[in-house]
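# build me a model from this:
(chains A and B)
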Amino acid sequence: MWSAYLNGDSGLIHAPTGTGKTYAAWLGPLMEWVRDNPPPYDSVKRKNSEPLRVLWITPLRALAADTAAALTAPILDLNLPWSVETRTGDTSMTVRNRQRSRLPSALITTPESLSLLLTRPDCADLFKSLRAVIVDEWHELMASKRGVQVELGLARLRRFAPGLRVWGLSATIGNLDTALHVLMGEGGQGKLIRAHVPKQIQIDTLIPAQIERFPWVGHIGLKLLPDVIREIDQHQSVLIFTNTRAQTETWYQAILDARPEFAGVIALHHSSLEPEVRHWVENALKAGQLRCVVCTASLDLGVDFAPVERVFQIGSPKGIARLLQRAGRSGHRPGVASRITCVPAHAFELVEVAAVRDAAAHGEIEARPPLDRPLDVLVQHLVTVALGGGFESAELYVEVRTTHAFRDLMPREWDWCLQFVVSGGEALSNYPQYQRVIQRDGRYVAEDTFLARWHRLSIGTITSDPMLLVQYLRGPKIGYIDEAFVARLKSGDKFTLAGKVLQFVRLREMKVWVRRAKNGKGIVPRWTGGLLPISELLTDAIRVKLDEARTGKFDSPEMLAVKPILDLQDRLSYLPAAHELLIEQLTTREGHHLFLYPFEGRIVHEGLGSLLAHRLSRRAPITFTIAANDYGLELLATDPLDLQAALAEGLLSTEHLQQDILSSLNATEMAKRQFRELARVSGLVIERFPGGQKSSKQMQASSGLIYDVLAKYDPDNLLLEQAQREVLQRQLESSRLFRALGRLHPANIVLRQIARPTPFGFPLMVERLRQTVSSETLEDRIRKMQLSLEKWADEHG
DNA sequence: GACCTGCTGCGGGATG
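Sure, this is the predicted structure:
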């Protein structure tokens, strides 16, 4: 039945989460199609007279190689006159040179490398015989700028090869219809083919034996280490997912300390390890040589290893889809459900797990919203197309508007982008490097070879903070750590990386030189990475679980386990219903605390914190310290405040929300930081040169400088506007904040004066201390808090 | 009694 899909239609195939599905779903039909559609064969040259017929786009280089191998085998078997090649960053120069004049019958590539192909002056010719495009892991690409890059590329290919069929493959997401629509482009039609095999997934939890002794706060989760070790003892292959790189290092070390005999059969995997180290782990995992691997999301996708026996998730699952994806790494045997066991790092995560399981059982799964009009990506694309044969404005405008991302692109915006690549805009017109495109005989083209090279170097939409390579004095590279972390190291300091204790020797040539530490423990590096937000569906589900607990419904082992703590919360304060907002007021020697628990995720709470501080201080001059976590926020003031009056005056009103948020935060500074990505993507600055790297500071300075120049001399620059939009959407999740405030109607507010911190509030107090003091003093402070709590308990029996 | 955080992904090509 699958082969029918390639004959005439386009569409999206939903393949439920789990590795291997991609090839199962596609190889068969693709092979049939390949067999039934032999390319015209040139017997003299012994080659296809029509080159490229199938283009396969994948988000990962590793998948490109695997796919090529999987395609090649049956083609050799059938002895078909087809060639299969990859074109990614690591494709050899020999192959790449061959591909300059002639593409293979099937090409497997990444979005970035597709764009690079589109910069070739003869690309119209290269792609004119293309019959089908397959976009693998479309759900991964869609909601990002990489997805928009694919959309623009597909629009190009549809023009070069009219009648082109486009098929996507997507795991389960909440908006498959949208995913289809975005892939097909505006006006395009396609079929959505949903898999009908319901996947059985079991989610359970390691329940702490004594909830009274279980932490209320913290994220590392080592409290349950013995229970995890017991599981490793009983199984042949175990995968342990964590939420951060540091957590991976910590857990690896802790397991090895407890079971030294595991040395050699336990490994770790995260993005800051040297690729060679990662490949070693991946291959050993494939070969079944490892008993246990501790990893981050770096093993979520990509590596096609055999399913493991047991999968664990340490700490918050953060999202429903994410946990299901990870569960899918286990138990693929027929009739056996995939299973994941959550290991809570603190008590409240028990509620999270119960919430995820309920949401998953109701078929709820996060949607991935596509982006709207990222002009930086369009600017990059314009230069790409100018290099790739040039364009005529009206024609390309129509083509670009066939993409979902730019379907509503106004002529005014189009003209601005065009003008921007031609002149550099109002402020930058004196700099020749920003005059990238010229007009010749009514067409827009790019000819300068230096600018062409510059552009090819800056293709892509992924930006990352630069890190420093860590290498043995006499030996191999190990991995990467943050500049900020290195700055704190003195010669002789020990730290861990890739599970090894290393001794810092010196920093030279932008490399961190180390030797193996003879003994002792090293500090675990802190990487400043992305802030992984808890999903909106999950926070919704958490509020439902609390609501149930309030009415006495404890329907799972997790909820039963956490009951004593929820009871304590209720006794000391209140357990809010799903539609209620609990606000606690507490006075201590520190000052006047205000705790709010919207359960909307950290980002929203941070925004809400500054919004409320801003609005409160407008009533009367007062300063606050703000702390937030995924469940709530704390405002600490030195002076008392009249909360009732403030609420009556619209403290939580949605009126002037955007204005108030922007003026409550250092919005300019945030936009400036966000602009860094836009400057990179739109080609205003370049962050890497082959051979020598430009340091982060220079990069930072130049994008910051450009921001200032634009803000002063070209304030209408649309990229500035976009930077502000991206800050609101990504760094503040403003739509979620808006929705939250809509829910937090004054009528639903429950105000409680409390005498001591509650289970909800205590973690926020710790969080605030963490922000303001060093780690040593933090320990002291927490001890003091403890003592005062004990004293309070003594005094009050 | 409660403790320190922060994911993933890509990418150049002349000449001999």
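# now do the contacts for the nearest residue to residue A:8 once chain neighbours are set aside.
Nearest residue to residue A:8 in three dimensions, chain neighbours excluded: residue A:165, at 7.2 Å (CB to CB, 6 or more residues apart in numbering). Just so you know, the C-beta spots here come from the backbone N, C-alpha and C atoms, and that holds for glycine as well. Residue A:165 is in contact with A:6, A:8-10, A:131-133, counting by CB atoms under 8 Å, 6 or more residues apart in numbering.
# near DNA strand B, which residues of the stretch 201-350 of chain A?
Contact residues, the stretch 201-350 of chain A versus DNA strand B (CB under 7 Å from any atom of the strand): A:212-220, A:243-246, A:270-272, A:296-298, A:300-302, A:346-347.
# filter these down to the buried ones, PyMOL style.
Only the buried members of those end up in this PyMOL selection, burial being decided by 16 or more other CB atoms under 10 Å:
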select buried, chain A and resi 214+215+216+217+218+219+220+243+244+245+246+270+271+272+296+297+298+300+301+302+346+347
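# return the subset of the residues of the stretch 201-350 of chain A next to DNA strand B lying in helices.
Judged by DSSP state H, the subset of those located in helices is A:245-246.
# please list the residues outside stretch A:101-111 that contact it.
By CB under 8 Å, 6+ apart, stretch A:101-111 touches A:34, A:39, A:48, A:51-61, A:64, A:67-68, A:71, A:81-89, A:99, A:117, A:126, A:141, A:146-147, A:149-150, A:153.
# hmm, 7 Å instead?
A:39, A:48, A:51-59, A:61, A:64, A:67-68, A:71, A:82-88, A:126, A:141, A:146, A:149-150, A:153 (CB atoms under 7 Å, 6 or more residues apart in numbering).
# around the closest residue to DNA strand B within the stretch 351-500 of chain A, how many other residues sit close by?
Proximity to DNA strand B, evaluated over the stretch 351-500 of chain A using CB to the nearest atom of the strand, is greatest for residue A:460 at 3.3 Å. Residues lying near residue A:460 (other CB atoms under 10 Å) number 19.
# who touches it in this structure?
Counted by CB under 7 Å, 6+ apart, residue A:460 has contacts residue A:112.
# how close does it sit to residue A:532?
Going from residue A:460 to residue A:532 by CB to CB, to the nearest Å gives 22 Å.
# how about residue A:641?
On the measure of CB to CB, residue A:641 and residue A:532 end up 34 Å apart.
# comparing these two, which residue is more hemmed in?
Neighbours were counted for residue A:641 and for residue A:532 using other CB under 10 Å; residue A:641 has more, 18 against 15.
# I figured that one was touching residue A:618, is that so?
No. Contact between residue A:641 and residue A:618 fails when scored by CB atoms under 7 Å: they sit 12.0 Å apart.
# quick one: low-confidence ranges for the stretch 151-300 of chain A?
Applying pLDDT under 70 to the stretch 151-300 of chain A flags residues A:197-198.
# one more time with 90
Applying pLDDT under 90 to the stretch 151-300 of chain A flags the ranges A:163, A:171-172, A:193-201, A:210-221, A:283, A:285-288, A:300.
# all the helices of the stretch 651-797 of chain A, residue numbers only.
A:657-664, A:667-681, A:696-713, A:718-726, A:734-743, A:762-772, A:775-795 (DSSP state H, counting those that start in this stretch).
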